[in-house]
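>>> Show me the folded form of this:
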Amino acid sequence: MVLRNDNKNIDALLGMATLAAHQGQNEWAQAYYLRALESDPNDPTAQAGLINIRGASNPGASESQLKTALASQPESSALYFALGNLYARQERWSEAQQAYFRAYSNEPNNADFIFNLAVSLDHLHQNKLAAQYYQMALNAAGTATPSFDKKQANARLLDLQP
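Predicted coordinates for the structure are as follows:
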């Protein structure tokens, strides 16, 4: 509805892009991210989303693009999150953990950032800290619907507790 009234509404375009990406409709997601970038070429969320979608085909170029974007927007949690996702896909868990921590530091109430930080700590065998962040992610998610599966997060939390 919002896009019908304002087809350049950044929030609506980013919302549609995120939904499309979560549903595996990468072409639609890419189209929405590109439309968002037409409205604001420096939007870090649109940049991160587009790079994240394209990242699977050329991770080296994506890493370079993300680092370049971060050089001009060092406080962008979306760009750090995308960088963490890129590192996680490559199983570069220490680097992923650092990127997720930066995203979390900039946006400490984002359940998805906290969850991915927990996953990276889990892969680094930092069980106590991972359990703490899984709990924090579940608390931050509250009654909302985060990108992660709350039941799986809770099960992993129980596995990590002594």
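
>>> separation between Gly15 and Pro108?
22 Å (CB to CB, to the nearest Å). Using the backbone N, CA and C atoms, a C-beta is placed for each residue, glycine as well.

>>> Show me which of the two is the more surrounded one.
Using other CB atoms under 10 Å as the criterion, Gly15 and Pro108 rank with Gly15 on top: 15 against 12.

>>> by contact count, what packs against whichever strand or helix holds that one?
Assigned by DSSP states H and E, Gly15 belongs to helix 10-22. In terms of contacts (3 or more CB pairs under 8 Å, 6 or more residues apart in numbering; DSSP states H and E), helix 10-22 is packed against helix 2-5, helix 26-39, helix 44-54.

>>> For the last one, enumerate the helices and strands it packs against.
Read it as helix 44-54. Looks like helix 44-54 contacts helix 10-22, helix 26-39, helix 59-72, helix 77-89 (3+ CB pairs under 8 Å, 6+ apart).

>>> The second one: which residues count as buried?
Under the neighbour-count criterion of 16 or more other CB atoms under 10 Å, helix 26-39 has 29-30, 32-33, 35-37 buried.

>>> ok, of those residues, which one's closest to Arg89?
Ala29 (16.5 Å; CB to CB).

>>> Would you mind confirming that that closest one is in contact with Asn52?
No: with contact defined as CB atoms under 8 Å, Ala29 does not reach Asn52; the gap is 9.2 Å.

>>> any idea which helix or strand carries His125?
Here His125, judged by DSSP H and E, is contained in no helix and no strand.

>>> center of this structure - which residue?
Geometric centre of the chain, nearest residue: Phe81, 4.2 Å, by CA atoms, centre = their mean.

>>> give me every residue that touches it.
Taking CB atoms under 8 Å, 6 or more residues apart in numbering, we find Phe81 in contact with 48, 99-100, 103, 112-113, 116.

>>> mind redoing it with 7 Å?
By CB atoms under 7 Å, 6 or more residues apart in numbering, the contact list for Phe81 reads 48, 100, 103, 113.

>>> which two in the residues you listed are spaced the farthest apart?
Ala48 and Tyr100 (13.1 Å).

>>> among the helices and strands packed on helix 44-54, which is nearest Asp149?
Of all the helices and strands packed on helix 44-54, helix 10-22 sits nearest to Asp149, with 12.2 Å by CB to CB.
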